[in-house]
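Colleague: quick one, what's the 3D model for this:
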Amino acid sequence: MTIPSGPAQEDAVPVGLDAARATLRVDAAGLHGAGAAILAEAISSARYVLIGEDHLSREIPAFTLGICRLMVPDGLDALAVEIGPEAARLVDAHLRRGDRLARLAAVLTAHPDAFAFQNGRDESDMAAACAALAGPDFQLWGLDQEFLGAPGYLFEQMRAARPGPIARAAIARLAAADRAATRRAIASGAAGDLFLYHVDDRQLAETDAAILHDGGAHVAALFDALCETRAIYLGQEEDGRASNFRRARLMQRTLLRYLAARPRPPRLLFKFGAVHMGKGINELGQRDLGDFVAEHAREEGVGALHIAVYGARGVRALYGGVGRQVRHQPFVLTDDADYAWLAPALPSAADTRTGDWTLIDLRRLRTTASPLPSPAWRDAVHRYDLVVVAPELTPSSLIGTR
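Modeller: Residues are numbered from 1 along each chain as shown. Alright, predicted model coming up:
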């Protein structure tokens with residue numbers, strides 16, 4: 001989620017920074033202040049709005065809901081998030097139910113880590129509130145691979161599709177292995193104990209052949225999703241750069257499938273980690289989903305707005321183990337060298353006391369005749385259109401943990 005810093009002068013002030021800065025208030029009723037006016041104007045001309053974030057806070061979902069409120073009057077068709085398509089189908093099916101949290105918690109208790117991020121209480125509440133604002137045709141789209149604990153849920157969906165006896169027997173063998181692995185992972189808390197890290201190529205090849213024999217197209221698609229997820233996670237241990245590239249390509253292909261299924265071009269809100277949402281080459285050295293959307297918008301002749309959202313300080317929610325609640329980690333943003341460039345843009349002590357956020361309109365810094373003071377500022381200005389900084393982030397909590 002970081003933007004690399006340059007070698008020096010990261011606390012230098014860009015020419016025009018004061019004019020590009022505005023105050024923003026975020027509350028249950030929406031967004032307010034001069035920063036809200038800038039957001040409203042920018043969003044009005046955008047078909048695609050992309051939020052690059054620090055995950056699992058309470059504050060950024062509140063900001064995202066404010067963006068939903070700004071988008072809805074001119075149309076909002078879907079929220080695209082950093083989960084897999086099968087997870088998104090599950091979450092979308094429960095968005096408007098009064099017992100949404102209980103139903104999702106039941107799935108996550110049975111299949112720990114079946115999906116990420118939308119298992120956060122604040123993320124789930126935000127998506128449900130956005131759906132209520134946008135109307136009955138609004139959808140949640142998942143563009144990522146499925147999560148580490150998804151195989152058990154995927155096997156359930158395969159069985160529900162009524163495969164033939166040969167495929168059904170092969171799926172049952174893997175499902176039993178998954179249940180045993182999940183028990184070990186729950187006991188240890190270690191993601192490395194999960195099924196994806198222990199099933200071997202021979203087992204998968206045998207199951208694939210059985211599914212091709214009498215599984216049917218839907219079962220085959222679910223099994224392909226499981227195999228792709230495994231390849232991406234194993235690839236992180238073998239060649240992280242290649243795995244990240246594979247993941248980015250998967251998200252791009254999945255987005256194109258969603259778009260192709262629509263009778264007209266939809267208006268979309270994206271919410272992913274900041275590393276995925278920028279334009280150009282990101283800090284992983286690749287063109288990720290954000291750049292793909294920017295190029296797609298350019299080809300369509302429509303607007304795309306890229307917003308990075310950070311917290312100046314606070315407590316982060318980090319992965320706590322299989323089926324377990326998040327860990328807490330205090331942070332100060334500029335203590336991380338990758339964020340030292342943001343020091344002159346952070347909320348003041350007075351803003352922190354009042355709860356005011358800071359918005360920096362990076363578009364205004366692109367037009368200045370003076371050079372930007374560091375490589376980090378140059379990268380930020382060209383990757384994102386707006387940077388929004390909350391004075392403090394507090395951690396969300398997960399549903400369905402043990």
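
Colleague: drop to CA atoms for contacts and neighbour counts, all remaining ones
Modeller: OK.

Colleague: ranges for the strands of the protein?
Modeller: With DSSP state E as the criterion, the chain has strands at 21-27, 30-32, 48-53, 78-81, 139-142, 268-273, 304-311, 313-318, 327-332, 357-361, 386-390.

Colleague: let's have these in a markdown table, adding mean pLDDT and distance to Ala177.
Modeller: Shown next, in a markdown table, are these (pLDDT from 0 to 100; distance: least, CA to CA, whole Å):
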| stretch | mean pLDDT | distance to Ala177 |
| --- | --- | --- |
| strand 21-27 | 96 | 47 |
| strand 30-32 | 97 | 47 |
| strand 48-53 | 98 | 36 |
| strand 78-81 | 98 | 30 |
| strand 139-142 | 98 | 27 |
| strand 268-273 | 98 | 32 |
| strand 304-311 | 98 | 41 |
| strand 313-318 | 96 | 28 |
| strand 327-332 | 97 | 29 |
| strand 357-361 | 96 | 49 |
| strand 386-390 | 97 | 45 |
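
Colleague: which one of these lies closest to Val91?
Modeller: Closest approach to Val91 among these is made by strand 139-142 (7.6 Å; CA to CA).

Colleague: pairing partners for that closest one, with directions?
Modeller: Partners of strand 139-142 in the sheet, by DSSP bridges, are strand 78-81 (parallel).

Colleague: now the strands of the chain in CSV, with distance to Asp224 and mean neighbour count?
Modeller: Formatted as CSV, these follow (distance: least, CA to CA, whole Å; neighbours: other CA atoms under 10 Å):
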stretch, distance to Asp224, mean neighbour count
strand 21-27, 42, 19
strand 30-32, 41, 19
strand 48-53, 28, 25
strand 78-81, 21, 21
strand 139-142, 16, 25
strand 268-273, 23, 22
strand 304-311, 32, 25
strand 313-318, 29, 19
strand 327-332, 32, 14
strand 357-361, 42, 25
strand 386-390, 38, 25
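
Colleague: closest one to Ile211 among those?
Modeller: Using CA to CA, these put strand 139-142 closest to Ile211, at 24.6 Å.

Colleague: contacts for that closest one, please.
Modeller: 77-89, 91-92, 127, 131, 258 (CA atoms under 8 Å, 6 or more residues apart in numbering).

Colleague: what sits up against stretch 17-26?
Modeller: 31-36, 62-63, 66, 345, 355-362, 364-365.

Colleague: thinking again about what came up before, figure out which of the strands of the chain is closest to Ser396.
Modeller: strand 313-318 (6.6 Å).
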